[in-house]
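Enquirer: Build me a model from this:
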Amino acid sequence: MGCDVVTVSTDTQFVHLAWQRSEKELAQVRYPMGADPTGKVARLFGVYDEATGLALRGTFIINPQGVLINSEVSYYNLGRNIDELVRKFKANLYMSKKTNEVCPSKWKDEGDKTLTPSAAMVGRVHEALGS
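Expert: Below is the predicted model of the structure:
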């Protein structure tokens with residue numbers, strides 16, 4: 001999709017290796033898994049919990065210019081949905097080229113309906129989407 005994917009956790013590289021060797025859900029992972037045992041990266045992104053020494057689950061989409069264009073932070077025990085992350089990535093890419101449009105929550109791919117904001121649309125998004 002034209003992006004780099006990196007996961008980072010406060011686990012060590014040895015914990016990552018153990019997870020990848022034993023957890024079947026991670027068997028096909030081919031992206032780098034960064035170790036942040038000191039929490040430096042987690043602090044930088046504002047997800048480090050000093051009280052527990054753990055990092056909340058943060059997902060960050062950063063454009064090639066280094067600008068944060070999307071972020072989501074969840075509690076420790078909430079799993080993430082890769083399909084929704086891909087949808088957000090594609091939506092952000094598309095919307096960066098269509099700055100006069102907005103992306104509805106059910107937008108999935110180029111060609112799906114977007115909206116052009118206006119005073120006439122306020123309170124009428126459902127109708128504008130033809131839902």
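Enquirer: Report the residue spans of the chain with pLDDT below the cut-off.
Expert: Residue ranges of the chain with pLDDT under 70: 1, 131.
Enquirer: What are the contacting residues of the biggest helix by length in it?
Expert: Longest helix of the chain, by residue count under DSSP state H: helix 82-97. The contact list for helix 82-97 (Cβ atoms under 8 Å, 6 or more residues apart in numbering) reads 1-3, 59, 61, 63, 69-70, 72, 101-103, 107-110, 114. All C-beta atoms are positioned from the backbone trio N, CA, C, and that covers glycine.
Enquirer: Next secondary structure element downstream of it?
Expert: helix 125-129 (DSSP states H and E).
Enquirer: before we move on, the earlier item: just the buried residues of the longest helix of the chain, please?
Expert: Residues of helix 82-97 classed as buried under the neighbour-count rule (16 or more other Cβ atoms under 10 Å) are 87, 88, 89, 90, 91, 93, 94, 95.
Enquirer: Residues in a beta bridge with residue 74, which ones?
Expert: residue 57 (DSSP bridges).
Enquirer: what about burial for the contacts of helix 82-97, which qualify?
Expert: 59, 61, 103, 107, 114.
Enquirer: which one is the third one nearest to, not counting chain neighbours?
Expert: By that I understand residue 103. Nearest residue to residue 103 in three dimensions, chain neighbours excluded: residue 91, at 4.7 Å (Cβ to Cβ, 6 or more residues apart in numbering).
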